[in-house]
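>>> Got a sequence here, can you build the structure:
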Amino acid sequence: MKNTLTIFLLSILAFSCSKNDFENTNLYLEFDKETYQSNDNFELTIKIYPTEVEKTIRFYKDLNNIEISFLSKAEEFEFHQKLKKRFIEGPPIFGDDSEYIDEYTISKEKPFEKIFLGTISESVNEIVFEIPELNIKNKIDKYFILKNPIILIKGNCRTVYGGKGKPFMSKEIEVELE
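Sure thing, here's the model as predicted:
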């Protein structure tokens with residue numbers, strides 16, 4: 001009896017964890033411009049296309065499973081890395097998860113597209129990239145931007161039912177200091 005119950009629970013867990021992955025999709029980042037000034041606003045559009053047929057993808061309602069990072073190319077070569085840790089309250093394993101999750105059915109003709117508004121601001125020593133809707137605030141030392149004004153944007157979509165994620169295609173923009 002215990003073995004049957006264990007197998008049943010493990011199969012439910014396995015099914016739940018494999019529910020929402022971004023396998024067989026392509027993830028892209030697009031900006032409204034290629035070059036920005038410090039103290040500028042930007043629009044970041046994420047696009048997700050299925051590689052084959054229609055597919056259902058899921059996001060937390062607060063979009064907490066989308067991660068975006070801004071790194072200077074000079075900083076990347078010096079292996080500078082910041083780790084972020086966030087507590088995420090997830091959906092229940094059993095029951096209605098619509099309180100936490102939005103579902104989208106995507107196709108090649110109708111991909112998922114979402115525009116995020118962000119700002120680039122300048123302080124004495126840093127350039128700050130903010131996307132309030134995603135609760136993102138990345139700081140880059142001006143020293144690195146003076147060495148190389150190219151900013152590398154990387155991102156990832158994590159599944160809502162597990163830890164797996166899929167990266168966006170990296171994107172580069174240029175930031176000119178005033």
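>>> Can you tell me what sits against stretch 101-120?
Residues from elsewhere that reach stretch 101-120, judged by C-beta atoms under 8 Å, 6 or more residues apart in numbering: 25, 36-50, 53-61, 63, 91, 127-134, 136, 160, 175. For the C-beta atoms, the positions are set from N, CA and C on the backbone; glycine is no exception.
>>> swap the cut-off to 7 Å and go again
Residues from elsewhere that reach stretch 101-120, judged by C-beta atoms under 7 Å, 6 or more residues apart in numbering: 36, 38-50, 54-61, 91, 127, 129-131, 133-134, 160, 175.
>>> Which ChimeraX command selects the buried ones in those?
The following ChimeraX line selects those of these that are buried, judged by 16 or more other C-beta atoms under 10 Å:
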select :36,38,40,42,44,46,47,48,49,50,55,57,58,59,60,91,127,129,130,131,134,160,175
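>>> Okay, and which of the contacts of stretch 101-120 map to strands?
The strands in this structure, assigned by DSSP state E, contain 36, 40-50, 55-60, 127, 129-131, 175 from the contacts of stretch 101-120.
>>> Between the two ends of stretch 164-175, what distance do you get?
32 Å (C-alpha to C-alpha, to the nearest Å).
>>> Would you indicate which residues of it are buried?
Neighbour-count burial for stretch 164-175 [16+ other C-beta under 10 Å]: G165, K166, F168, K171, I173, V175.
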